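In: return atomic coordinates for the entry below.
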Amino acid sequence: MEDERLVERVSSMRESLQKSQTITNKVVTILGSFDHRLSALESAMRPTQVRTHSIRKAHENIDRSLKSAEVILAQFDLSRQAEDKISKSPHEDLESYLSAVEQLKNNVRFFSSKTSFKTTDGVLNHANGLLAKAIVKLEGEFKQLLLSYSKPVEPDLLFECLPNIMRPSPGSPGHHGDSGGRTNSSEHQGQSLESAECKLPTLIPPGIIPLLHDLAQQMAQAGHQQRCLKIYGEIRAPVLEQSLRKLGVEKISIDDVQKMQWEVLEAKIGSWIHFMRIAVKLLFTAEWRVCYQIFEGIDTIKDQCFAEATGNTVAMLLSFGEAISNSKRSPEKLFVLLDMYEIMCELQPEVEVIFEGKACTKIRESVLTLTRRLAQTAKETFSDFEEAVEKDATKTAVLDGTVHPLTSYVINYVKFLFDYQSTLKHLFQELEGGDETNSQLASVSMRIMQALQTNLDGKSKQYKDPALTQLFLMNNIHYMVRSVRRSEAKNLLGDDWVQRHRRIVQQHANQYKRIALGKIIHSLSGQSLTSSGGSGSSVVGSDGGSSSLVSSSIVKDRFKSFNVQFEELHQRQSQWTVPETELRESLRLAVAELLLPAYRSFVKRFGPMIESGKNPHKYIKYTPEDLDRMLGELFEGKN
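Out: Now for the predicted structure:
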């Protein structure tokens, strides 16, 4: 049964499959017919599709053209607006004018990129013409603005910008310090000046500088850098020069310097030193800041503009220093030369900073040349001074044997040198190199001292009295020693120099005593007093024993001779002078220690012979106390 049912099922499935295959074949036949119909339909619709795509593309092209036209029209509109503004004066509204110029430049760039635009050349020519006119107007505005706000700086304003240590003393504007000697050492003064800060003066109002900067940029971008340079130099240079002239700066030639009296020239040098500080620390530094702000970003002319503005003023300042350094040398000029050299060294770092550009090379070199020239002239003045001291031919002797004016002048000169120790060390270092600058200064000082001694030896020979010769040399060399011991010169000349010259002083003092007192001491000796015959007396010796017979007349002559000699010594040497108190008392004591014991001994031995006779006071005129009192009157310079 089951097999029959299975056969029936298989038969039924076979019939179903046959029906499905028949249906599939019919469907395939139908679909085949659809494909043929669709191909025919597509062929029929293709022309319509092509026309539709072309229409769409045309619409897109039209849209793009309209948009391009709108942009071009907008550029034309902006050009017209810019042209309206440019046709006016930039002075009315400079910022808007500059914006219009910038817009016109943008339009030029825009149309330059539209090479297919038929009227591009005409539009560009018109725009470039407008730009050229605008730049000319901007150039005029740049000049007018710079001219309007460039005014000379008044001296009072400059002084207010200085710290107190740099300000001129009341009643003498421009004068700074005392030439020929300073209350403070140059090193201490230099440190004070370095730590002092200056306030820069306002040369051009801060609100104007950005406008000048924008104008300069527009001119530079248009290729007008040289016009910028010329305008800036022509306007700023005279203003800086007038500022310094108001302060008191003047151009002085070598001939002018040679004709001036020393006091006038010295004052002008002091003023020049002050002017140099003001010029570099205030005016030139302020000008450098203004110039670099206006021409920021325009490096091609920035340094040139600064050089053009300051070159003449620097030359005017340096001309005075050059005139001094090239004028006839004289000893009194040494200290002002050192002052001038000192200020040049002090300002050199600032000069190197503010005149750093290639365009300022000539200015930097001129400053450095003057510095070196001042150093060389100072060194040559040293040599001149040494020679002048040794060969000083002053014939007028100091009658009282005191310190000669040449001695005090030279010693003060040398002492002043040590106020400039740091400056002199720098000077020797620059000219001669090496590190032994202390020994070089010591060597110079010793040579000057030796030249002075040589000259004093010559002057001492003018005295007819050899005792006064020794007193003169003693006074002068003692003055040298005492002055050195009390100054910084001792540190360089050394203890050996001091001790050696103290011994020389003592040698002259001993020589003085030997010459001045030798004859009078000899008259108080007992030699040649004994008599071989005639009236006489027996004199008791110092040992209590009996001495030879002594002639009373000879004793009287000795007393008379002593009186004459002592009175002459007292009269003459009371007019002589030992100016230094300690040395004077020491010399009086030394004279008393020689004379008084000899006189007391002589009076004790031979006085009784005179006292027993007639008129003893005629011969024994002075007691030892009288002599002591009169010796206390020596060397006072009494007339």
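
In: rest of the way, CA atoms for contacts and neighbours
Out: Noted.

In: quick one: low-confidence parts of the chain?
Out: Applying pLDDT under 70 to the chain flags the ranges 1-7, 10, 24, 27-28, 30-42, 44-132, 168-196, 433-438, 526-549, 639.

In: quick one: the strands in it?
Out: Applying DSSP state E to the chain gives strands spanning 537-540, 546-550.

In: I'd like to know how many residues surround the nearest residue to E342 once chain neighbours are set aside.
Out: Of all residues not flanking E342 in the chain, T423 sits nearest, at 6.2 Å (Cα to Cα, 6 or more residues apart in numbering). Residues near T423, counting by other Cα atoms under 10 Å, number 22.

In: against A375, how distant is T423?
Out: From T423 over to A375 the distance is 10 Å, taken as Cα to Cα, to the nearest Å.

In: one more: E387?
Out: For E387, the distance to A375 - Cα to Cα - is 19 Å.

In: so the residue nearest to E342 touches F335, yeah?
Out: No: applying Cα atoms under 8 Å as the test, T423 and F335 come out as separate, 10.8 Å apart.

In: quick one, phi/psi of A397?
Out: phi -80, psi 150 (degrees, to the nearest 10).

In: that one touches K464, doesn't it?
Out: No: counting by Cα under 8 Å, A397 sits too far from K464 to count as a contact (11.3 Å).

In: more neighbours, these two?
Out: A count of neighbours by other Cα under 10 Å puts A397 above the other of A397 and K464, at 16 against 9.

In: neighbours around the nearest residue to Y599 once chain neighbours are set aside, how many?
Out: Using Cα to Cα, 6+ apart and skipping residues adjacent in sequence, the residue nearest Y599 is L524, 6.3 Å away. Neighbour count of L524, defined by other Cα under 10 Å: 21.

In: tell me how far L524 lies from G207.
Out: 100 Å.

In: quick one: M340 from E287, how far?
Out: Taken as Cα to Cα, the span from M340 to E287 is 24 Å.

In: could you do R572 as well?
Out: Counting by Cα to Cα, the gap from R572 to E287 is 72 Å.

In: helices of the stretch 501-639 of the chain, start to end?
Out: Applying DSSP state H, counting those that start in this stretch to the stretch 501-639 of the chain gives helices spanning 552-573, 581-611, 624-631.

In: can I get the CA coordinates of the last one in CSV?
Out: In this case it means helix 624-631. What follows is helix 624-631, C-alpha atoms only, in CSV (Å, rounded to 0.1, in the frame of the first residue of the first chain):
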residue,chain,number,x,y,z
PRO,A,624,120.8,131.2,76.0
GLU,A,625,117.2,131.9,76.5
ASP,A,626,117.4,134.9,74.3
LEU,A,627,118.9,132.8,71.6
ASP,A,628,116.3,130.1,72.0
ARG,A,629,113.5,132.7,71.6
MET,A,630,115.1,134.2,68.5
LEU,A,631,115.7,130.8,66.9
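
In: check contacts around R364.
Out: Contacts for R364 (Cα atoms under 8 Å, 6 or more residues apart in numbering) come out as 351-352, 355-356.

In: of those, which is the nearest to R605?
Out: R605 has its nearest neighbour among those in V351, at 86.5 Å by Cα to Cα.

In: does that closest one touch K281 like I think?
Out: No: contact criterion Cα under 8 Å: V351 and K281 do not qualify, at 9.2 Å.

In: and the helices in the stretch 151-300 of the chain, which stretches?
Out: Taking DSSP H, counting those that start in this stretch as the criterion, the stretch 151-300 of the chain carries its helices at 155-161, 186-195, 209-221, 225-247, 254-259, 262-278, 285-294, 299-326.

In: need those in a markdown table (columns: mean neighbour count and distance to F428).
Out: Putting the helices of the stretch 151-300 of the chain into a markdown table (neighbours: other Cα atoms under 10 Å; distance: least, Cα to Cα, whole Å) gives the following:
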| stretch | mean neighbour count | distance to F428 |
| --- | --- | --- |
| helix 155-161 | 16 | 34 |
| helix 186-195 | 13 | 16 |
| helix 209-221 | 20 | 46 |
| helix 225-247 | 19 | 33 |
| helix 254-259 | 14 | 26 |
| helix 262-278 | 19 | 21 |
| helix 285-294 | 19 | 30 |
| helix 299-326 | 21 | 17 |
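
In: can you list these in TSV and add distance to K621?
Out: As requested, the helices of the stretch 151-300 of the chain are exported to TSV (distance: least, Cα to Cα, whole Å):
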stretch	distance to K621
helix 155-161	75
helix 186-195	61
helix 209-221	98
helix 225-247	75
helix 254-259	64
helix 262-278	57
helix 285-294	84
helix 299-326	67
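
In: out of the ones you listed, which gets nearest to M344?
Out: Using Cα to Cα, the nearest of the helices of the stretch 151-300 of the chain to M344 is helix 262-278, at 8.3 Å.

In: what's the local residue count around M166?
Out: Residues lying near M166 (other Cα under 10 Å) number 21.

In: stretch 264-281: how far from the chain's middle?
Out: 11 Å (Cα atoms, centre = their mean, to the nearest Å).

In: restricting to C-alpha, output that stretch in PDB.
Out: In PDB, the C-alpha atoms belonging to stretch 264-281 read as follows (Å, rounded to 0.1, in the frame of the first residue of the first chain):
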ATOM      1  CA  VAL A 264      86.700 130.700  27.800                       C
ATOM      2  CA  LEU A 265      88.000 127.600  26.100                       C
ATOM      3  CA  GLU A 266      87.800 125.600  29.300                       C
ATOM      4  CA  ALA A 267      84.200 126.600  29.900                       C
ATOM      5  CA  LYS A 268      83.300 125.700  26.300                       C
ATOM      6  CA  ILE A 269      84.900 122.300  26.700                       C
ATOM      7  CA  GLY A 270      82.900 121.700  29.900                       C
ATOM      8  CA  SER A 271      79.700 122.600  27.900                       C
ATOM      9  CA  TRP A 272      80.700 120.400  25.000                       C
ATOM     10  CA  ILE A 273      81.000 117.400  27.300                       C
ATOM     11  CA  HIS A 274      77.500 118.100  28.600                       C
ATOM     12  CA  PHE A 275      76.200 118.600  25.000                       C
ATOM     13  CA  MET A 276      77.600 115.200  24.000                       C
ATOM     14  CA  ARG A 277      75.700 113.500  26.700                       C
ATOM     15  CA  ILE A 278      72.500 115.300  25.800                       C
ATOM     16  CA  ALA A 279      72.900 114.600  22.100                       C
ATOM     17  CA  VAL A 280      73.600 110.900  22.400                       C
ATOM     18  CA  LYS A 281      71.500 109.900  25.400                       C
END
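
In: right, and F562 touches H522 too?
Out: No: applying Cα under 8 Å, one finds F562 not in contact with H522, separated by 9.5 Å.

In: out of those two, which sits in the busier spot?
Out: F562 (22 against 12).

In: which residues touch the more buried one?
Out: Shown in contact with F562 (Cα under 8 Å, 6+ apart): 520, 523-524.
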